[in-house]
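Trainee: Predicted model and sequence below, questions to follow.
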Amino acid sequence: MRLSKTFIKTLREAPKDETAKNGELLTRAGYIHKEMAGVYDYLPLGLRVIENIKTIIRDELNKLGCEEISMTTLQNPEPWEKTGRFSDQEVDIWFKTELASGGELGLAPTHEEPIVEMMKSYVSSYKDLPIYIYQFQTKFRNELRAKSGILRGREFLMKDLYSFHTSEEDLDDFYQKVEEAYRRIFERLNIADCTYETFASGGIFSKYSHEFQTFLPVGEDTVYYNNDKSVVLNKEVYNEEVLRDLNVTDEKFEETTAAEIGNIFKLKFKYTEPLGLKYVDEDNSQKTVYMGCYGIGVSRLMGVIAEKFADEKGLNWPETIAPFRYYLIGIGENGEKEAEKFYNGREELTLFDDRDKRPGEKFQDSELMGIPLRIVISDKTLAENSAEITDRKTGESWKVSLEKLFDSF
RNA sequence: CAGGGUGUGGCGCAGUUGGUAGCGCGCAGCGUUCGGGACGCUGAGGCCGUCGGUUCAAGUCCGAUCACCCUGACCA
């Protein structure tokens, strides 16, 4: 991408209504644009990060045999009424709207009901199961208070996976596979070392659910962890009974804040029973389908990662999800000429700062945008037949010969 | 929803006892600059969140309302 051709612009100062680090930097660097509280547009750079995160998640889920679909945002109240969740007393974050022909619709805050309803058309025999379906979908939640940049929005992107099984053992087995897949996803996103699988309330259907919590100062959740962080508990289940349950009554726990980036849940019959998702088993008997659901907050993840790696100079993306690998700067007539040559054929990897700006400003922007490697070609480097590479993370610079630059970058 | 704060060009801000809006950044043109957010000159851009009231006169005073931020509560 050529910076001279894009509409996005960096800002020297953050808009005053962005006080969270992620919102401030993502706005200043031109990744997102705010429409209103908790509602953001994703600009070219931001969209690339989102897509890169999606690619990693998609890759790991597809390995488990999951199939991707896309469901609707507009929701028929009927299935929700069957589970009691269309009620504002039960679920108080609904956005609801009216049909011109009369009647009410909801804007999906999650998709358990519609997917169970949908699966009734496709599941009839034990031979049809198990099924694993996921989507990346915009969710709407009418939060009383949106805050913290893109960490808590009213409209946000989520990956939601639903699994359907004939037995609890099969559900357990798949649940564990998802735990492992999530672990790999967070490794590839470079946040595995600060992200912990956390015991949280499982409501009335299971004792616990598991959350994936990234330790982060602006996180909204309070969690407790033991000495080696082998046991992490959400505040909501941090009590004597649970500690006894987990056999850790003797250990000392510390408190910290964290951001929930994923949640996995053994729903069992919670939604399949009231909605009547059944199958015929080998013995010709009708049985209810076991269900699990597994979420990852994709847009929140982008905010968490932005927040996690940012420094005083700006954003700092892991290579795996950075919008571009290289930030290219040519200085002087010859430097610009060589930069053009390098850019040619590497458009997808390279953010080319070909603007008519002084080098200092380009350096600043390369750091603000957090692109992993900066390539500078100037008269100075050309005198040594080389280019200068600078690592965004370490700040270290080194020279590579032009031959090597053109061959292996 | 409770408490606190803020709304003035794209962004950050100033605006005195009410008298018809200004600064920095950014933007346009010209010139000088060109490896760490350069400089000079010229210029464009705003019915001051919205509605109502007081007044000869409202960015400024009064009332209402909307939006945004922070803390808390809430978080299926």
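Mentor: That came through fine. Residues are numbered from 1 along each chain as shown, chains lettered A, B, ... in the order given.
Trainee: Every contact and neighbour count from this point should use C-alpha atoms.
Mentor: Will do.
Trainee: show me what contacts A:Asp354?
Mentor: For A:Asp354, the contact set (C-alpha atoms under 8 Å, 6 or more residues apart in numbering) comprises A:2-4, A:329-330, A:336.
Trainee: same question but for A:Glu220, I mixed them up
Mentor: A:Glu220 touches A:257-259, counting by C-alpha under 8 Å, 6+ apart.
Trainee: cool, and A:Glu338?
Mentor: Counted by C-alpha under 8 Å, 6+ apart, A:Glu338 has contacts A:330, A:377.
Trainee: Phi first, then psi, for it.
Mentor: phi -70, psi -40 (degrees, to the nearest 10).
Trainee: What's the PyMOL syntax to select whichever of the contacts of A:Asp354 are buried?
Mentor: Applying 16 or more other C-alpha atoms under 10 Å to those, the buried members can be selected in PyMOL as follows:
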select buried, chain A and resi 329+330+336
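Trainee: need the contacts of A:Asp354 in CSV with pLDDT and distance to A:Ser386, can you?
Mentor: Output for these, formatted as CSV (pLDDT from 0 to 100; distance: C-alpha to C-alpha, whole Å):
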residue, pLDDT, distance to A:Ser386
A:Arg2, 96, 22
A:Leu3, 96, 23
A:Ser4, 94, 25
A:Ile329, 98, 13
A:Gly330, 97, 12
A:Glu336, 96, 14
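Trainee: any idea how far A:Phe174 is from the residue in the stretch 301-409 of chain A that RNA strand B sits nearest to?
Mentor: Nearest to RNA strand B in the stretch 301-409 of chain A, going by C-alpha to the nearest atom of the strand, is A:Gly360, at a distance of 2.8 Å. Using C-alpha to C-alpha, to the nearest Å, we find A:Gly360 at a distance of 52 Å from A:Phe174.
Trainee: what does A:Glu35 give?
Mentor: 39 Å.
Trainee: Quick check on those two: which one has the bigger neighbour count.
Mentor: Counted by other C-alpha atoms under 10 Å, A:Glu35 and A:Phe174 do not tie: A:Phe174 has more neighbours, with 19 against 9.
Trainee: hang on, that one in a helix?
Mentor: Yes: under DSSP: H, G, I helix; E, B strand; the rest coil, A:Phe174 falls within a helix.
Trainee: what's the helix or strand of chain A with the lowest mean pLDDT in contact with?
Mentor: Of all helical and strand segments in chain A, the minimum by mean pLDDT, DSSP states H and E falls on helix A:240-245, at a mean of 90. Helix A:240-245 is touched from outside by A:Thr249, with contacts defined as C-alpha under 8 Å, 6+ apart.
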